[in-house]
Structures are given as C-alpha cells and as structure tokens.
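Engineer: Fold the following and give me the result.
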Amino acid sequence: MKEKAVLEMRNIHKSFPGVRALQGVDFTLCEGEIHALMGENGAGKSTLIKVLTGVYTKDEGEIFIKGKEKAVIIRSPQDAQKLGISTVYQEITLCPNLSVAENMYIGRTSSVYQNWKKMNEDADQILKSLDIPASATQQLASCSIAVQQMVAIARAVDMDCKVLILDEPTSSLDEQEVAKLFKLMRDLKERGVGIIFVTHFLDQVYEVCDKITVLRDGRLVGEYEIKDLPRVQLVSKMLGKDLDDMSDIKSEQSAYDKEDASASVFEAEGLVSNAGIKPFDFYIKKGEVNGFTGLLGSGRSECVRAIFGADRVTGGTVKKDGKTIKITKPLDAMRNGIAYLPEDRKIDGIVGDLSVRENIVLALQVLQGFFKPISKADAYKFADEYIKLLGIKTASADTPIKSLSGGNQQKVILARWLLTHPEYLILDEPTRGIDVGTKIDIQKLVLKLASEGMSITFISSETDEMLRTCSRLVVMRDRKVVGELSGEELTQNMIMSTIAGGDNNAE
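Structural biologist: The predicted structure is shown next:
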C-alpha cells in the first residue's frame, strides 16, 4: 500500500446478467482526505461502494486496508464495519423513535451500554467533541435531517471508523445545514479519517474535497487533485466528451425569439416547490421543443415536476396564454392541457398488472372522471390506434404491460398522454434504458408533434439527444437555473461550460 493510504481497491470487476458494472476500477483513499467519487447515472459509483461495504461480492480484484498485511475479504456490511468502513446514506437508516444515544449504541454487544447513565454520558461527550447540536437523551425524530446525519456519522466515528462513506448526504439539506456538515467533515479529516464523498453538486465538491475520482460506464476515467481539474474538464470527463473534438449538432427547428413572449403558451415566474429547487422562470411557445439540461441531480426533473404539480408548489405563478392559472396537483395541469411522462416509468409510469389497453386509457379516464367510464369498445379503438401509430410491439391490447420490453412500455406511457391531446407535453428521460431504434422513433415523433403545433419539453441525460431535438435549452446546476442557450449557442462546449460555471477555473 501507498504510505498514507488507508484504503486501496485494485482492479475491481463486478458483473450482473448482461451488464459489466465495474471493469478494472482502481481507487485509493488516504488518511485525512476528503475524496469525491463522481460520475453520471450508471457510471459505477454505487456498485463500487457496495463492493467496498460488502453488499456485493466482487468478481475480481483486491481490497487493502491500512493495518492489514494481506488483501481483505469483505462478504457483508458487518465485515466492512469490523474493518473500520462505515457508510452514511442519503436516507437516514437510524431509528427515529429512539433517543440519540440509543441510536449511537444500538447493536453494540458490550455490557457497558446496558448502563443507561454511562451510555448517555459517553454519547454526550462524543456529540460535544464533534460539535453536534444534539443531546444524548432527546428523541432522534426531534432533530433536523442534518443533525440526524451527524448522529449517524458520530456513531461511525465512535466505532473506530477509518473510512467514512457519505452517499449523497447533502441532497435534503439547506445551505446552513450543509455548512455544518462540512465543518464536521473537516474536523474528521483533521483526525485522520478518510472520507469518500458521493455527490452530484459540483460547487460542494470544489468547496470541501481534496481529490476527485471519476468513473464512466463502469471504468476508471482518472484520479485528480482538485486544483488540477477545472470544473469544465470535470464535466467533460463525466459526460465522456472531449472539448477539442466535438461536432456541433444544429437543431433543424427554427430558433425562437426570446423577446417575443406574446407567443408563449405556458409561462412560469418564480416557481418553487418543496423539492428544494431555487425559484425559476420558464416559458414555452407553440410548436417549440425546449429542454432542461444539467448533470444528474441538478434539478431538471424537479423543475418539470413543479410545472406539472407533481411536487407541492410553494411559490410562483403559472400562466396559460397570458392568463394566470392555478396548478396545485397533476389533475389541474391535465385539465389545462399539460401531459407529463415521468423519469421513472416503473415507479411513476406503468401500472404493471394492468393491460396495455388499460394503461393507455388511464389518463383520459382520469380526465373524464370515473363516473363517466370509457366504453370497452372505445378503449379497444384507442389502444389499437396508438399501438399502430407508435409501433408498440405487443401480442395484443390485453397483454399485461409488465411483460413488454422497456422501450415498448415507454411507448405505452407516451400513448397514454397523447390520447389526452395535450397542448404541452413534458418528456422526462423518455429514451432511458431503451434500444437505439426506439430512441430514434421517439426523437422523430417529438419533432413531428412539434411541427403539428404541440409544445414539448424534452429532458435527456444524453446531450447529443438534446441537441438533436431542442431549439432552446435551460441549463441547471445545483438545483438552480444558471443559463439559457439557443441558436448558435447550442453546442456541447457551451452546455458544459455553462454547467461548470462559465469558466475554466476550479475556484
């Protein structure tokens, strides 16, 4: 092992049926270092963490921990914990109905902690030493999310943690809470703890981290000192695009005049929801395809969910054709001609046990009301029409949707919304996880619908797709709008430099 390394992972491989999740990945963490693990969705970050914590068993490779002469075998989270590897997840895994001290010592076998007085005294001492604003005897549920995460960290530190993994710890925190968490992280760094920091927030990486390791498609892109990797270069490495070798893909659609707000079909001003996005303005015109772009976790989906009323809107106004409308729930949006294909079709889209036909007519039935049921004859007519229109591969309209391929499930959800004849269609990751042929079909359909006058917002993690389909892009970073691109500005370079902050500096 390297002299100051507390952890070394060498040549790690992990495969699942049909997927090579990790291919020869190396990762080194030093004592007293905060090390960011970065990569887009599917890059392999979660798999690497799960191999390290014993949730998954690696197929190949070696893991070395300081103090152990030979490579260690980690078969379970308990094995990882005994080696001094602790993880604090985005979702708090403690018991909110127990006290802070009980959460810190739950599961310990020592009889010392059957003495409640000593347990509380020890807990208070640790909380005080780490400057955590909580007392041992208060119920965990009474603490803020940030303090609950700090308690989870305190538990890990007290268990002689050498490697602390923080998996998206700031996603539910406000700025003041993030500042407190970063102070705790710096304190632990001073004590020699090695911290792996998994996050999508670029600003936070450059504020608190010493090094960055980038993964892409299950492979190691590289390890970098924070001072040697400007933000725009980090973005390009995560996305797999070289700044010097990018072809500009121009949209075939006409560029829209930003100043001509009179043609806007829908407008939003100062819109904000309980999902943590900063207030944003937005407009879309008749026949326009625009999009929200940014790295995963930037706030793209939260913006469109606010427009559709899928998250609780806490501020701002929405206008349709210049008149203010109220959208507090998805049904309000649907009645105003807005349709929304969600990012996760399995959780928010398909109803797996229903047939293709039943899934297709679902939104129209909601609009009509369940006291006005769609006749079986009409339901079959609608289903057959859209199965043919979208080329949905299914044995029949009565086939359960869960038995269809991902691409065909996506087409069924698209058919569901097209059947409501919306004026404005929001498509969030409509081509994720589907084959290339179906992707092209959906992109062509988007442009065809726009040419017929439908307004469409298109979101994709693949910037090439965005450039092919959108005439205007709203750029997101760290849950706020940081720019808008159209016309000649629609290039990979401009998207990445805007995401990175408009400059090539790390600071």
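
Engineer: residues near K381, how many?
Structural biologist: Using other C-beta atoms under 10 Å, K381 has 15 neighbouring residues. Quick note: C-beta positions are derived from backbone N, CA and C, even for glycine.

Engineer: do I440 as well
Structural biologist: Using other C-beta under 10 Å, I440 has 13 neighbouring residues.

Engineer: Please, which helix or strand holds it?
Structural biologist: helix 436-451 (DSSP states H and E).

Engineer: Apart from its chain neighbours, what residue comes closest to the residue positioned nearest the centre of the chain?
Structural biologist: For the chain, the residue nearest the mean C-alpha position is G297 (4.1 Å; C-alpha atoms, centre = their mean). Computed as C-beta to C-beta, 6 or more residues apart in numbering, the closest residue to G297 that is not its neighbour in sequence is H200, at 2.8 Å.

Engineer: how near is the one you found to V235?
Structural biologist: 12 Å (C-beta to C-beta, to the nearest Å).

Engineer: what sits in contact with each of those two?
Structural biologist: L295 (C-beta atoms under 8 Å, 6 or more residues apart in numbering).

Engineer: partners of the helix or strand hosting I212, with directions?
Structural biologist: Using DSSP H and E, I212 maps to strand 211-216. The strands beside strand 211-216 in its sheet (DSSP bridges) come out as strand 34-38 (parallel), strand 219-225 (antiparallel).

Engineer: mind checking how far the longest one is from the chain centre?
Structural biologist: Right, strand 219-225. 21 Å (C-alpha atoms, centre = their mean, to the nearest Å).

Engineer: Show me which residues of it are buried.
Structural biologist: 220-221, 224 (16 or more other C-beta atoms under 10 Å).

Engineer: what sits up against that strand?
Structural biologist: For strand 219-225, the surrounding residues in contact (C-beta under 8 Å, 6+ apart) are 23-28, 39, 44, 210-215, 234, 237-238.

Engineer: likewise stretch 51-62?
Structural biologist: 7-15, 22, 24-25, 47, 50, 63, 71, 74-80, 85, 87, 163, 165.

Engineer: and that stretch, average pLDDT?
Structural biologist: Summarised as a single mean, pLDDT over stretch 51-62 is 95.

Engineer: Could you export it as PDB, CA atoms only?
Structural biologist: Backbone C-alpha positions of stretch 51-62 (Å, rounded to 0.1, in the frame of the first residue of the first chain) are rendered in PDB as follows:
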ATOM      1  CA  VAL A  51     -18.500  -3.900  -3.200                       C
ATOM      2  CA  LEU A  52     -16.500  -1.900  -0.600                       C
ATOM      3  CA  THR A  53     -19.200  -2.300   2.100                       C
ATOM      4  CA  GLY A  54     -19.900  -6.000   1.400                       C
ATOM      5  CA  VAL A  55     -23.400  -5.600  -0.100                       C
ATOM      6  CA  TYR A  56     -22.000  -7.000  -3.400                       C
ATOM      7  CA  THR A  57     -19.200  -9.600  -3.700                       C
ATOM      8  CA  LYS A  58     -16.600  -8.500  -6.300                       C
ATOM      9  CA  ASP A  59     -15.800 -10.900  -9.200                       C
ATOM     10  CA  GLU A  60     -12.200 -10.000  -9.300                       C
ATOM     11  CA  GLY A  61      -9.700  -7.600  -7.700                       C
ATOM     12  CA  GLU A  62      -8.200  -6.900  -4.300                       C
END
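
Engineer: where does A306 fall, phi/psi-wise?
Structural biologist: Note on A306: backbone dihedrals following degrees, to the nearest 10 are phi -70, psi -40.

Engineer: okay but it is in contact with V313, surely?
Structural biologist: Yes. Counting by C-beta atoms under 8 Å, A306 touches V313, with 5.6 Å between them.

Engineer: Okay, domains of this structure per the record?
Structural biologist: Listed by automatic domain parsing, the domain ranges of the chain are 5-239, 247-337+423-507, 343-421.

Engineer: I'd like the mean pLDDT over the last one, please.
Structural biologist: I take that to be domain 343-421. Averaged across domain 343-421, pLDDT comes to 85.

Engineer: Could you tell me the end-to-end distance of it?
Structural biologist: Taking C-alpha to C-alpha, to the nearest Å, the first and last residues of domain 343-421 lie 20 Å apart.

Engineer: Take the strands paired with strand 211-216 and write them to CSV, including mean pLDDT.
Structural biologist: Formatted as CSV, the strands paired with strand 211-216 follow (pLDDT from 0 to 100):
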stretch, mean pLDDT
strand 34-38, 95
strand 219-225, 95
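
Engineer: looking at those, which is closest to L390?
Structural biologist: Set against L390 and scored by C-beta to C-beta, the strands paired with strand 211-216 come closest in strand 219-225, at 35.1 Å.

Engineer: Can you name the next helix or strand after that closest one?
Structural biologist: helix 231-239.
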